[in-house]
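[1] Sequence and predicted structure below; questions after.
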Amino acid sequence: MAARRALTIGLIPGDGIGKEVIPAGRRVLEALPASLGLKFDFIDLKAGWETFEQTGVALPEETVQTLSSCNGGLFGAVSSPTTAVKGYSSPIVALRKRLALYANVRPVKSVATAAKPIDMVIVRENTEDLYVKEEKTYDTPEGKVAEAIKRISERASTNIATIAGEIALRRQKIRASGAPSIHKGPLVTVTHKSNVLSQTDGLFRTAAKAALADPRFSSVAVEEQIVDSMVYKLFRQPEAYDVIVAPNLYGDILSDGAAALVGSLGLVPSANVGKTFALGEPCHGSAPDIQGQGISNPIATIRSAALMLEFLDEEEAAAKIYAAVDANLEEGKLLSPDLGGTAKTEEVVQDILRRL
Ligand SMILES: NC(=O)c1ccc[n+]([C@@H]2O[C@H](COP(=O)([O-])OP(=O)(O)OC[C@H]3O[C@@H](n4cnc5c(N)ncnc54)[C@H](O)[C@@H]3O)[C@@H](O)[C@H]2O)c1
Ligand SMILES: O=C(O)CC[C@H](C(=O)O)[C@@H](O)C(=O)O
């Protein structure tokens, strides 16, 4: 039987545990039932610290060009240094801008992994804020001073709030079809710090609220919350959140915090979303503390593969992957050490493949 749709997927393992989890994502895609009619062609691509050490370039132009000709991609993680290294710049941050992946969508859901039910999506602006990385250091008579630009545009804030509203509506539609849920109606919470940063976060706040006032979001409740008290409420009452929309840096920080609430960074996926392309990426980094031990949790990447499929309009295939992962977690017999288990990455992958 000829495949209904062929998808070319670029794979960028990167560094550290990125090399352990990306093959897991690939194997799960390959194991999807033939009845779905999907055919995958994979292209291995390079980026990261090791690539930089070998070639002097962290994000080869070939990777960007090839990825832009793919339908989608999976990015593992890179080991970005914490001190400036001449010529190195974070490849994932660069890719988001080069491929116009304007939204970073991060669903955080507890499936037998947290004391409280949690089911939220953090929608992080992906191209600007402090991530424009326009920094400089200069000398003054009192010593060195460093500065960074925080750039917020009306256009990017409108775009990110719009996709947040669309995600809230889509989640509501799924709930209306009978899926069990902890939420009653669609809700978007706009996060900012415009009590202090009245111009930059002030613009984010007004543009996001204006976008969500569009009549097509009339059924979506809109709330706003200052980011510091948001962290407080997120930890005390995570069930209160449905969709959170945030500027780039706050979204980065909130999603790691939310990952702690559901039990591990190794569970939380993301998709870097553009108009016609999606790059799945686990929220975690290269985890140098556990790399090479075969114990990294592959679920964040496997869920990222599913999320990528969702944004490529292959929702049925995505649902099969989510269900296999949920079944693994609900049974709780083969869990990796970050979740309190003793299973190796390979055993978790095998269990999920069996359930597909
Ligand atoms: N997308 C990316 O490329 C990305 C994202 C975040 C961090 N990083 C980079 O990763 C490097 C390490 O950063 P870090 O240590 O601050 O954060 P990290 O996310 O790599 O690790 C934080 C903690 O979570 C654990 N962890 C993360 N993923 C896990 C998984 N799949 N299974 C089990 N445990 C997991 C780690 O063992 C560690 O204890 C840095 O160089 C940073 O720049 C890259
Ligand atoms: O270390 C890097 O090169 C990028 C880290 C990256 C980020 O967006 O800051 C990561 O924290 C993430 O959440 O994707």
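    Okay, I see it. Ligands and ions are numbered 1, 2, ... in the order given.

[2] Just confirm A161 contacts D214, I think it does.
    No: with contact defined as CB atoms under 8 Å, A161 does not count as touching D214 (9.3 Å). Any C-beta I mention is one placed from the backbone N, CA and C, and that applies to glycine too.

[3] and E50, how many neighbours does it have?
    Other residues near E50 number 19, with proximity taken as other CB atoms under 10 Å.

[4] and it, what is it in contact with?
    If a contact means CB atoms under 8 Å, 6 or more residues apart in numbering, then E50 has 15, 79 as its contacts.

[5] Report pLDDT for it.
    Here, the pLDDT recorded for E50 equals 98.

[6] by contact count, what packs against the helix or strand harbouring I244?
    Secondary structure from DSSP states H and E places I244 in strand 243-246. Contact analysis of strand 243-246 by 3 or more CB pairs under 8 Å, 6 or more residues apart in numbering; DSSP states H and E lists strand 119-125, helix 154-176, strand 187-192, helix 248-261 as its packing neighbours.

[7] Mind doing that once more with 7 Å?
    strand 119-125, helix 154-176, strand 187-192 (3 or more CB pairs under 7 Å, 6 or more residues apart in numbering; DSSP states H and E).

[8] TSV for those, including mean neighbour count?
    Shown next, in TSV, are the helices and strands packed on strand 243-246 (neighbours: other CB atoms under 10 Å):
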stretch	mean neighbour count
strand 119-125	26
helix 154-176	19
strand 187-192	25
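
[9] Pretty sure K109 sits against I122.
    No: in this structure, K109 is not within contact of I122 by CB atoms under 7 Å, at 11.4 Å.

[10] Tell me which residues are up against stretch 236-251.
    By CB atoms under 7 Å, 6 or more residues apart in numbering, the residues outside stretch 236-251 that reach it are 104, 116-118, 120-126, 128-131, 152, 160-161, 164, 167-168, 171, 182-183, 186-192, 201, 204, 208, 227, 233-234, 254, 261.

[11] next one: stretch 123-137
    93, 96-97, 101-106, 144, 146-153, 156-157, 160, 163-164, 167, 243-249, 251-252, 255, 272.

[12] Just the buried ones from those residues?
    Using 16 or more other CB atoms under 10 Å as the burial test, the contacts of stretch 123-137 include 93, 96, 101-106, 150, 152-153, 156-157, 160, 163-164, 167, 243-248, 251-252, 255, 272 as buried.

[13] quick one: the helices in the stretch 251-356 of the chain?
    299-311, 315-331, 345-355 (DSSP state H, counting those that start in this stretch).

[14] Return the nearest residue of the stretch 101-250 of the chain with respect to ligand 1.
    Nearest residue of the stretch 101-250 of the chain to ligand 1 (CB to the nearest ligand atom) works out as N104 at 10.1 Å.

[15] filter the contacts of stretch 123-137 by proximity to ligand 2?
    By CB under 6 Å from any ligand atom, the members of the contacts of stretch 123-137 lying near ligand 2 are 93, 252.

[16] Could you tell me the angle between the one helix or strand I9 maps to and helix 299-311?
    In this assignment (DSSP H and E), I9 forms part of strand 5-14. Interaxial angle, strand 5-14 versus helix 299-311 (axes from the mean of the first three to the mean of the last three CA atoms, to 10 degrees): 150 degrees.

[17] Flag every buried residue along strand 5-14.
    So, applying 16+ other CB under 10 Å, buried residues of strand 5-14: 7-14.

[18] give the contact list for the closest residue to L36 other than its chain neighbours.
    Excluding the flanking residues, the one nearest L36 by CB to CB, 6 or more residues apart in numbering is A317, at 5.0 Å. A317 makes contact with 32, 36, 38, 309, according to CB under 7 Å, 6+ apart.

[19] just checking, which of the residues you listed belong to helices?
    Residues of these located in helices (DSSP state H): L309.

[20] most neighbours, which of the contacts of A317?
    Going by other CB under 10 Å, L309 tops these with 28 neighbours.

[21] wouldn't that one be in contact with E316 here?
    No: L309 lies out of contact with E316 (CB under 7 Å); the separation is 8.9 Å.

[22] List the contacts of the residue of the stretch 151-300 of the chain found nearest ligand 1.
    Residue nearest to ligand 1 within the stretch 151-300 of the chain (CB to the nearest ligand atom): G285, separated by 2.3 Å. Residues near G285 by CB under 7 Å, 6+ apart: A77.

[23] Tell me which of the helices and strands packed on strand 243-246 sits nearest to I352.
    Distance to I352, taken as CB to CB, is lowest for strand 119-125 among those, at 20.5 Å.

[24] between that closest one and helix 248-261, what angle do the directions make?
    160 degrees.

[25] From the chain's centroid, how far away is the helix or strand following strand 119-125?
    Downstream of strand 119-125, the first helix or strand assigned by DSSP H and E is strand 135-140. The chain centre lies 33 Å from the centre of strand 135-140; the measure is CA atoms, centre = their mean, to the nearest Å.
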